[in-house]
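> structure for the following, please:
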Amino acid sequence: TSTVTRSSQPATMGSMQLEVLLFAQSRELVGTGSVQLAVDPAAITTPSAVLRLLVNLYPKLEEIASSLAFALNEEYVDGDATISLKPGDKFAIIPPLSGG
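Here you go, the predicted structure:
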């Protein structure tokens, strides 16, 4: 699994690394299965905010942004849910599943 490290903002005292896991179509659009983002946990309080950072870094994600699901530490969370990020957290971007 390849990992890409991107800084979404300048490093500050309140910043931390967030591992973002990408699956299926999101993985194809970004070109990797895992991205490390430098985030300020006080400023990033919803899954939608994480997605906005990712779309800024990887504009192709906008194509599927409205249909994505999110998980924090292997538990599904709503896009507008309030989250509290901590070092070591894993955030997943999950595209809709297809098939029958």
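
> any weak-confidence spans in the chain?
1-13, 98-100 (pLDDT under 70).

> hmm, 90 instead?
1-15, 96-100 (pLDDT under 90).

> and the strands in it?
Per DSSP state E, the chain carries strands over the ranges 3-7, 16-22, 34-39, 69-72, 75-77, 90-94.

> in a markdown table, list those along with mean neighbour count.
In this view, the C-beta of every residue, glycine as well, is placed from N, C-alpha and C. Formatted as a markdown table, those follow (neighbours: other Cβ atoms under 10 Å):
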| stretch | mean neighbour count |
| --- | --- |
| strand 3-7 | 13 |
| strand 16-22 | 19 |
| strand 34-39 | 20 |
| strand 69-72 | 18 |
| strand 75-77 | 12 |
| strand 90-94 | 20 |
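
> okay, helices next: where are they in the chain?
24-30, 47-57 (DSSP state H).

> Gly33 versus the residue nearest to Ala71 when sequence neighbours are not counted, what's the distance?
The shortest distance from Ala71 to any non-neighbouring residue, by Cβ to Cβ, 6 or more residues apart in numbering, is to Ala92 (4.1 Å). With the distance defined as Cβ to Cβ, to the nearest Å, Ala92 ends up 10 Å from Gly33.

> ok so, going back, turn the strands of the chain into JSON lines, columns for distance to Glu63.
Below are the strands of the chain laid out as JSON lines (distance: least, Cβ to Cβ, whole Å):
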{"stretch": "strand 3-7", "distance to Glu63": "19"}
{"stretch": "strand 16-22", "distance to Glu63": "14"}
{"stretch": "strand 34-39", "distance to Glu63": "17"}
{"stretch": "strand 69-72", "distance to Glu63": "16"}
{"stretch": "strand 75-77", "distance to Glu63": "22"}
{"stretch": "strand 90-94", "distance to Glu63": "13"}
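
> give the bridge partners for the residue nearest the centre of the chain, please.
Nearest residue to the geometric centre of the chain (Cα atoms, centre = their mean): Val20, 4.5 Å. Beta-bridge partners for Val20, by DSSP bridges, are Val35, Phe91.

> correct me, but it touches Val39?
No: taking contacts as Cβ atoms under 8 Å, Val20 lies outside contact range of Val39: 9.5 Å.

> give me the common contacts of the two.
Jointly contacting Val20 and Val39 under the rule Cβ atoms under 8 Å, 6 or more residues apart in numbering are Val50.
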